[in-house]
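Peer 1: Structure of the sequence below:
(one chain, ligands or ions: 2)
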Amino acid sequence: MDIELRHIHKRFGPVHANNDINLTFLGGRIYGVLGENGAGKSTLMKILSGYQPADSGSILLDGTEVDYRNPQIALHYGVGMLQQDPLDVPAFTVLENFIFGAIGARGYRGHAAARLLREVCSRFGFELDPDTPIASLSIGGRQQLEIARLLALGVKTLILDEPTTGISAEQKTILFNALKSLAKNDGLSVLLVSHKLEDVIALCDEVAVLRAGKLVGTRALPATPSELVALMFGQILEPAQRIAVNLDNAAEAIRFENVTLRSKRLQVKDFNLNVRAGEVIGLAGLDGSGQELFLRACVGLAKPAVGHIHFEGRDMTGASFRQFLAAGAAFSAAGRLEEGLIAGLTLTEHTALMTEHHPVIDWGRARQRTINRIQTYHVRGTPESQIEQLSGGNQQRMLMALMPESAVLLALEQPTRGLDVDSARWIWQQLMVRRDIGAAIVFSSPDLDEIVTYSDRILVFYAGRVTEIPDARQATIDQLGRLIGGHNEEVPR
Ligand SMILES: Nc1ncnc2c1ncn2[C@@H]1O[C@H](COP(=O)(O)OP(=O)(O)OP(=O)(O)O)[C@@H](O)[C@H]1O
Ligand SMILES: [Mg+2]
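Peer 2: Ligands and ions are numbered 1, 2, ... in the order given. Below is the predicted model:
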């Protein structure tokens, strides 16, 4: 199916999020949609898939103008979108969501649905257990479910807004090959919105680049990452520098002593770790390998089944999240709209929640603090913006801006999720400032490059087993890739 967008405009108050966009997407081709945070990518994709109307302009499908008022009608025409933050029902299981998402469309239920889900999963290399509740699935797993659902519904245009890469290199190859063959043989077109330029280069035939609401250009691939960066930012960025720090005399931030962690699906068994002030520990692993559990254990959100946790020398085994916060720990979750931020609240209200501890809130002070944070973290939004009105990347900046300034330990789950290359580097500059004044940082990332670049030490998780790489500078991305896939014959020392 060929899609033509003509003169699309969309404003949100003073923000001209889409400013006269003209684009053609041909059936059977795979497009990358690129641009810095807040460029207008999600806005355009939501218009194309019926999640929100354009102010003006038209959409033509195979030459015929369509006017869809909601996503169901768009789906009926064959346009389906994976949202940046998945729209599933947390109380349901994988299979229930799969069925629920098909109601009103080409219905399938019961055994037929279970069979279809299995078929789609094996074809695309997804590992989804039909009976797992959504609430215990990672963001990556939830996105896979959404893709499975849309493909089972037979979409002709698949829009993927920032699929995360919490999947293994092999899984990614399977998924990409499956999408390419669907494009080639069945005429599926794919629009991939992504900040992961390697993915864009591996998958796409062509890219369209947005900047500040306008289309700045399209180009056919192949292209190098720096050519794409230059298109996006109008300049070539210097690679980030890694500075080794001397931690010999650093105080202990958190120490794990013979700790075993258990969740319903996983056990991280009997490990020891001492994280020092000013140290950065990167956690690598496929989604659900234990790194999420470990991060939560650093702040009392998961309690050890066995063993002891010491925080700045104090035994805090079994302490609550509140107690960890009070002691100087901070946490940010990957599922920013589920766990990190509260949809419906403004930025000022978020600041007030974090900083105002009296029964009486000083709104003037909270607003001023918000203004300061907006400035320091370059958040595109106002103190009165509701958090869900911000672009994905700007929500992430706000989440980082809300981290307490004097934290002893920052436990960060995918701290640069959804950030463009420039913003991700910039967030790390901010984090390094905090490290320099003595904060310990423990972070997870699906991006091995990020782990190798910023960590002093690396912990690799595979099915709950932890392998430590004592000097991250000795690690290569290839080695890490093999380790997270469970091949631990060679551990760099
Ligand atoms: N519902 C809304 N209300 C108000 N402003 C909005 C709304 N949705 C988007 N915006 C604004 O429109 C602009 C474009 O946002 P959009 O989400 O399309 O960016 P994006 O390119 O997807 O960015 P990112 O890479 O961060 O996801 C931003 O300035 C954003 O704050
Ligand atoms: Mg977006």
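Peer 1: what sits against the residue of the stretch 301-450 of the chain found nearest ligand 1?
Peer 2: At 2.7 Å from ligand 1, G393 is the closest residue in the stretch 301-450 of the chain, using C-beta to the nearest ligand atom. C-beta: built from backbone N, CA, C; applies to glycine. Listed by C-beta atoms under 8 Å, 6 or more residues apart in numbering, the contact partners of G393 are E36, N37, G38, H195, G418, L419, D420, S423.
Peer 1: Whichever residue of the stretch 51-200 of the chain sits closest to ligand 2 in helix, strand or coil?
Peer 2: Nearest to ligand 2, among the residues of the stretch 51-200 of the chain, is Q84, at 5.0 Å (C-beta to the ion). Secondary structure, DSSP: H, G, I helix; E, B strand; the rest coil: Q84 is coil.
Peer 1: That one and S391, how far apart?
Peer 2: 9 Å (C-beta to C-beta, to the nearest Å).
Peer 1: gap between the residue of the stretch 51-200 of the chain closest to ligand 2 and ligand 1?
Peer 2: 6 Å (C-beta to the nearest ligand atom, to the nearest Å).
Peer 1: Once you drop chain neighbours, what's closest to the residue in the stretch 251-400 of the chain that ligand 2 sits nearest to?
Peer 2: Going by C-beta to the ion, ligand 2 is nearest to G392 of the stretch 251-400 of the chain, at 4.1 Å. Spatial nearest neighbour of G392, excluding adjacent residues (C-beta to C-beta, 6 or more residues apart in numbering): G418 at 4.2 Å.
Peer 1: Can you list the buried residues in the lengthiest helix in the chain?
Peer 2: Scanning the chain for the longest helix, with DSSP state H as the assignment, gives helix 169-186. Residues A169, Q171, K172, I174, L175, F176, A178, L179, K180, L182, A183 are the ones in helix 169-186 that count as buried (16 or more other C-beta atoms under 10 Å).
Peer 1: The chain against ligand 2: which residues are in contact?
Peer 2: For the chain, the residues in contact with ligand 2 (C-beta under 5 Å from the ion) are S42, Q84, G392.
Peer 1: so which strand or helix has the first one?
Peer 2: Think S42. Using DSSP states H and E, S42 sits in helix 41-48.
Peer 1: average pLDDT for whichever helix or strand comes after that helix?
Peer 2: Going down the chain from helix 41-48, the next helix or strand is strand 56-61, by DSSP H and E. Throughout strand 56-61, pLDDT has a mean value of 97.
Peer 1: who touches strand 56-61?
Peer 2: Residues outside strand 56-61 that contact it (C-beta under 8 Å, 6+ apart) are 1-9, 20-21, 47-48, 65-68, 77-79.
Peer 1: Give me the buried subset of those residues.
Peer 2: Counted by 16+ other C-beta under 10 Å, the contacts of strand 56-61 give 1-5, 8-9, 21, 47-48, 68, 77-79 as buried.
Peer 1: which of the residues you listed sit farthest apart?
Peer 2: Maximum pairwise distance among the buried ones among the contacts of strand 56-61 (C-beta to C-beta): 24.5 Å, between H9 and G78.
Peer 1: Identify the contacts common to Q84 and S391.
Peer 2: Counting by C-beta under 8 Å, 6+ apart, the contacts common to Q84 and S391 are S42.
Peer 1: Report the separation between the nearest residue to A327 once chain neighbours are set aside and V442.
Peer 2: Distances taken as C-beta to C-beta, 6+ apart place F311 nearest to A327, at 5.3 Å, with adjacent residues excluded. From F311 across to V442, the span is 12 Å (C-beta to C-beta).
Peer 1: give me every residue that touches M398.
Peer 2: With contacts defined as C-beta under 8 Å, 6+ apart, M398 is in contact with L341, L347, H350, R373, Y377, V379, G381, I387, L390.
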